[in-house]
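J.: After the sequence you'll find the predicted model.
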Amino acid sequence: MAEKRSIEVVIAGEVYKIAGNESEEHMKRVVRFLNEKAAQTQKAMLGRAMTKEYTLVLTAVNICDDFVKLAEHMQMMQERLEQAAKREKLLKKKLDEYEQELMELEQENQQLRESRTE
């Protein structure tokens, strides 16, 4: 199990100490992402007076919305993958049947040729 580490970060202009099992670089990437999303939220709400807290709540809602959409998309893709796997299995079975039928027809053809030459 990874060692738990803590780092100081700046989120929306405030210093926080966060801890986690991920690498320091990963935690910094997460904070950078959060700050970028918060800046996008502020830009989208330009002209409205918003507290940092309100901005971060809206940012969290937006991130959760993105997450739910991605989870739904992932579920849909998983279902499509499962359907494709079932179809592949069915097609392989059909291919095996056709290959068997082809071998039988080739044998029958060979027998007919041999009987014609006799």
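T.: Nice, I can see it.
J.: Tell me how far residue 88 lies from residue 81.
T.: Computed with CB to CB, to the nearest Å, the distance linking residue 88 and residue 81 is 10 Å. C-beta coordinates here come from the backbone N, C-alpha and C atoms, glycine included.
J.: average pLDDT for stretch 74-84?
T.: Summarised as a single mean, pLDDT over stretch 74-84 is 98.
J.: ah, wrong one, I meant stretch 110-118
T.: The average pLDDT within stretch 110-118 is 88.
J.: ditto for stretch 46-59
T.: If you average the pLDDT over stretch 46-59, you get 89.
J.: List the buried residues of it.
T.: By neighbour count, with 16 or more other CB atoms under 10 Å as the criterion, the buried positions of stretch 46-59 are 55-56, 58-59.
J.: what sits opposite the residue nearest to residue 34 when sequence neighbours are not counted in the beta ladder?
T.: The shortest distance from residue 34 to any non-neighbouring residue, by CB to CB, 6 or more residues apart in numbering, is to residue 11 (6.1 Å). With DSSP bridges as the criterion, the beta-bridge partners of residue 11 are residue 14.
J.: Measure how buried residue 27 is and give me the count.
T.: Under the neighbour criterion other CB atoms under 10 Å, residue 27 is assigned a count of 18.
J.: continuing past the helix or strand hosting it, what's the next helix or strand?
T.: For residue 27, the host element (DSSP states H and E) is helix 24-44. Later in the chain than helix 24-44, the nearest helix or strand by DSSP H and E is helix 52-117.
J.: Residue 30: which of the buried residues of stretch 46-59 is nearest?
T.: When the buried residues of stretch 46-59 are compared for distance to residue 30, the smallest value, 12.8 Å, is given by residue 59; criterion: CB to CB.
J.: From residue 42, how far out is the closest one?
T.: For residue 59, the distance to residue 42 (CB to CB) stands at 9 Å.
J.: For the residue nearest to residue 34, grab the count of nearby residues.
T.: The burial metric for residue 11, expressed as a neighbour count using other CB under 10 Å, is 15.
J.: pretty sure it is in contact with residue 31, am I right?
T.: Yes - with contact defined as CB atoms under 8 Å, residue 11 counts as touching residue 31 (6.1 Å).
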